[in-house]
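> A structural model of the following input is requested.
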Amino acid sequence: MTTLELVLALGADDQAERDAAAAAVADLGSEVLPVLIGQLQDQGSPVSEPVLLAVLRRMGTEAFEAVLGALQTSALEEAPHRLLRAFTAFGAAALDGYFGALLLGDPILRRAAVTAISRWSNDVPTAARQVLPLLGDRDTKVRQAAVQTFASWGTSVVPLLQVVRVDGPGAARAGALEALAEIGGEAVISARDIAALKRLARIEIAGDRPVPLSCCFLSWIAVPTGDQAGVMEMLGLSQAHPVPFSVGVYAADIDSHGGLDADPLDVYRRVFVTPELAGWTLVVGSWCDPSATERQNEVLEACERLSARFGRAQAYWWSASQDGSAVLIAEDGVVVRRFGYFPGEDVQHLELGEPLGYEQQRRAALGLSALAADRVDTEEDADEWMWELLDLAPNLAGALGLNPLSIDASTPTRGTGKLALTEYGHRLGTPPGALRR
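Numbering: from 1, shown residues only. Model prediction:
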């Protein structure tokens with residue numbers, strides 16, 4: 001049986017035959033490695049990728065060096081994903097090889113080595129010292145991989161990062177600060193660094209311009225006033241500090257992505273309060289969602305209070321992935337309309353008030369009958385109205401005042417946007433995580 005035939009036997013249907021082939025292939029040593037790697041690079045190979053990876057791992061250092069050599073001679077910009085996966089899959093036995101790869105010239109290999117070290121190293125202090133220089137890597141993606149790796153190690157590496165902030169190396173200082181922000185936020189960042197960040201924010205704010213509120217899951221309260229301080233006081237927001245507009249949008253977006261294992265209340269800790277935008281102040285963040293189970297009553301009451309003072313107040317939720325819309329409209333201290341549309345969900349409990357003039361106008365424009373309590377749409381009409389409802393929140397906001405997706409540098413602006421803590425943030429603390437533009 002030729003070497004190729006033996007390797008192809010790894011794809012046999014019979015488990016015993018595959019096991020025998022794996023043992024025989026591993027015994028062949030270096031002579032079989034070009035064939036194994038060739039099959040790994042061939043997406044049409046009859047041998048599955050996991051089987052090939054298992055045999056390569058079984059062959060140890062020799063196979064690791066062969067895979068690394070294949071990567072170094074291939075066109076990495078074409079992303080040979082199967083080879084890269086094999087490279088990162090050799091386990092703790094290959095840690096010395098991964099440490100060495102951190103010094104290679106190709107950024108894709110450096111980033112892959114960081115990923116592998118993060119996955120396989122149980123000796124965090126040793127691994128952290130090896131990865132630390134890459135916090136200042138010249139390649140942005142490598143640097144970000146190093147930051148995320150330090151973040152995954154958590155509080156155990158905080159003292160090391162704090163030392164880097166004081167003593168260097170200089171190139172790694174910025175990455176160390178970002179990693180500290182990801183791990184614990186202001187709680188683990190020095191007062192000197194916090195003061196420096198605030199100075200930098202003030203410099204950036206001087207030339208700041210608004211941008212669209214392009215969040216994946218966008219919740220906001222809109223009030224027709226430039227009295228930012230008054231809005232924040234009425235909502236009980238605290239510890240507000242100025243930020244560039246794009247940083248505020250980033251914070252609102254990242255806060256809305258609650259992880260499966262996270263405290264569900266974490267998404268409510270913080271909001272971005274915009275400067276006055278064409279006569280409106282927007283409060284942006286999941287805390288403003290008029291349809292959230294934990295928040296719907298509080299948001300309703302907040303909009304009633306705001307509208308009693310400012311004449312009107314509106315709350316919205318919208319998904320950029322077409323998961324639905326929710327709206328709440330209050331005037332002169334009374335909620336005149338609230339409802340939501342989420343495909344496949346029963347949200348009758350949200351519905352309050354009569355259909356708005358805007359809703360009836362859109363129905364007429366689409367050739368649909370007016371909304372009424374006893375009106376049931378045909379399947380075709382219901383489908384047409386569904387597409388309208390998916391984007392109702394931003395479209396209604398634009399019709400009644402300001403569409404947050406249409407905000408740009410030309411929007412009349414007065415004042416400075418601020419990040420502020422809600423009652424949840426006051427109790428649970430500022431969310432960790434580096435804020436980016």
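
> Flag the shaky bits of the chain, pLDDT-wise.
Residue ranges of the chain with pLDDT under 70: 1, 75-79, 200-201, 203, 206, 258-262, 373-374, 432-437.

> So which residue is smack in the middle of it?
Using C-alpha atoms, centre = their mean, the residue of the chain that lies closest to the mean C-alpha position is residue 254, 5.1 Å off.

> secondary structure element for that residue?
Using DSSP states H and E, residue 254 falls within helix 245-255.

> what comes up buried for stretch 2-14?
Along stretch 2-14, the positions that meet the burial threshold by neighbour count (16 or more other C-beta atoms under 10 Å) are 6, 7, 8, 9, 10, 11, 12. All C-beta atoms are positioned from the backbone trio N, CA, C, and that covers glycine.

> how about the nearest residue to the second one once chain neighbours are set aside, what does it touch?
In other words, residue 7. Distances taken as C-beta to C-beta, 6 or more residues apart in numbering put residue 35 closest to residue 7, at 5.0 Å, once the chain neighbours are dropped. Counting by C-beta atoms under 8 Å, 6 or more residues apart in numbering, residue 35 makes contact with 3, 4, 7.

> Quick check: residue 35 vs residue 159, distance?
Computed with C-beta to C-beta, to the nearest Å, the distance linking residue 35 and residue 159 is 48 Å.

> Residue 296 now?
For residue 296, the distance to residue 159 (C-beta to C-beta) stands at 43 Å.

> Same check on residue 321?
Separation of residue 321 from residue 159 (C-beta to C-beta) stands at 41 Å.

> Same question for residue 427.
27 Å.

> Which parts of the stretch 1-150 of the chain are helices?
Under the criterion DSSP state H, counting those that start in this stretch, the stretch 1-150 of the chain contains helices at 3-8, 15-28, 33-41, 49-59, 61-73, 81-87, 95-101, 107-120, 124-131, 140-153.

> swap in the stretch 151-300 of the chain?
Assigned helices in the stretch 151-300 of the chain, in chain order: 158-167, 173-184, 191-206, 228-235, 245-255, 296-310 (criterion: DSSP H, counting those that start in this stretch).

> can these go into a markdown table with extra columns for distance to residue 370?
Supplementary listing: those in a markdown table, determined by distance: least, C-beta to C-beta, whole Å:
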| stretch | distance to residue 370 |
| --- | --- |
| helix 158-167 | 61 |
| helix 173-184 | 52 |
| helix 191-206 | 48 |
| helix 228-235 | 35 |
| helix 245-255 | 36 |
| helix 296-310 | 26 |
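
> Of all the ones you listed, which one is nearest residue 346?
Closest approach to residue 346 among the helices of the stretch 151-300 of the chain is made by helix 296-310 (14.7 Å; C-beta to C-beta).

> With only the CA atoms kept, save the helix or strand that the closest one is followed by in CSV.
Of the helices and strands lying after helix 296-310 in sequence (DSSP H and E), the nearest is strand 312-319. The C-alpha coordinates for strand 312-319 follow below in CSV (Å, rounded to 0.1, in the frame of the first residue of the first chain):
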residue,chain,number,x,y,z
ARG,A,312,-43.9,64.9,24.6
ALA,A,313,-41.7,61.9,25.2
GLN,A,314,-41.2,58.8,23.1
ALA,A,315,-39.5,55.4,23.7
TYR,A,316,-38.5,52.9,21.0
TRP,A,317,-36.8,49.6,20.4
TRP,A,318,-35.6,48.5,17.0
SER,A,319,-33.6,45.6,15.6
